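1. Pasted the sequence and its predicted model underneath.
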Amino acid sequence: MKNEKKNNNISFLLLILIFVSTSLITLKTLKKVKIQDIRISGSELFSQNDLVRNSSLKFPIRLILINTYFLEKELKQNLSLKNISVNRELFPFGLKVKVITRTPIAYCEKIFNDEKILGFVDKDGIFIDKQNADKKNVNKLTLQIFGWKEKFQKTLSEILIFQEDYEFELVKITFSPNGFLTVEEKDLKTIFLGFNPNLLNYQLQIINNLKNEYKKNNFSKKIDNIDLTDPNKPKIKVFKP
């Protein structure tokens, strides 16, 4: 009987502890998150206020009401981030935010609502707003991109990744309003690539081959432009004084 009574007392105490713990957790989740309760790691580029300004949440807000998946998606897009994780925490109370920024590899200009917006792109062809870019190495960038649009990201990324492994050195990439692609190489000058992204890999290989020829022979005539819109029939126009 004594053992049974002892076991009943222990069970009762456990129930009380569970009840108290559950109540505390519930109260914590109902507590409102303030701006100072946001803890950021991974980059010193963004402040607590930056995160709040670039989300649709109105702080202070109850912890239980924060949809972390939606908040991650929103901040990733608005801050041009490579990745972000947002976790709700009870101890210490608040939001734990870890950000991974994008690395600029070229200057970039895009048109939005008839206004020119300056920024950068990373190797994925993603536009990075000027205020959201890590600028510690941007003074070394030599490539400029004009006419950026979201629909050109894949094409742009293919060019940037291809160039990393080959000999040519692009200094300018331009997309016209209707999508005509032109690039400028340091020695080969202006190169017309046209509208067809399916030809791009072939065109880039031709550019690389021409650059290798240039380095071997150092063409006696100065190149004005190269037309690769039909890569099977490349046309080289030389400069005539």
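-> In hand now; what should we look at? What you see is a predicted model, and the numbers here were worked out from it, not measured in a lab.

2. Dump stretch 108-123 to CSV, restricted to CA.
-> Extracted in CSV, the C-alpha atoms of stretch 108-123 (Å, rounded to 0.1, in the frame of the first residue of the first chain):
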residue,chain,number,x,y,z
CYS,A,108,24.5,45.6,-63.1
GLU,A,109,21.8,48.0,-64.3
LYS,A,110,18.2,47.1,-64.6
ILE,A,111,15.1,49.1,-65.6
PHE,A,112,12.1,49.1,-63.3
ASN,A,113,9.1,51.3,-64.0
ASP,A,114,11.2,53.3,-66.5
GLU,A,115,13.8,54.0,-63.8
LYS,A,116,17.4,52.8,-63.9
ILE,A,117,18.4,50.9,-60.8
LEU,A,118,22.1,50.2,-60.1
GLY,A,119,23.3,47.1,-58.3
PHE,A,120,25.2,43.9,-58.9
VAL,A,121,24.7,40.3,-59.9
ASP,A,122,26.1,37.0,-58.6
LYS,A,123,27.1,34.0,-60.6
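
3. buried sites along it?
-> C108, K110, G119, F120, V121, D122, K123 (16 or more other Cβ atoms under 10 Å). Yep, even glycine has a C-beta here, placed from its N, CA and C like the rest.

4. same check, this time on stretch 131-145
-> Those buried within stretch 131-145 under the rule 16+ other Cβ under 10 Å are N132, A133, L143, I145.

5. Mind checking which of those land in strands?
-> Among those, the subset assigned to strands under DSSP state E consists of I145.

6. Can you add pLDDT and give the buried residues of stretch 131-145 back as a markdown table?
-> Compiled in a markdown table, these are given as follows (pLDDT from 0 to 100):
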| residue | pLDDT |
| --- | --- |
| N132 | 92 |
| A133 | 92 |
| L143 | 97 |
| I145 | 98 |
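
7. Show me the shaky parts of this protein.
-> 1-30, 218-221, 240-241 (pLDDT under 70).

8. How is it divided into domains?
-> 29-101, 106-238 (automatic domain parsing).

9. Mind telling me what element G147 is part of?
-> Take DSSP states H and E as the rule and G147 turns out to sit in strand 144-148.

10. Past that strand, which element shows up next along the chain?
-> Strand 144-148 is succeeded, C-terminally, by helix 153-164 (DSSP H and E).
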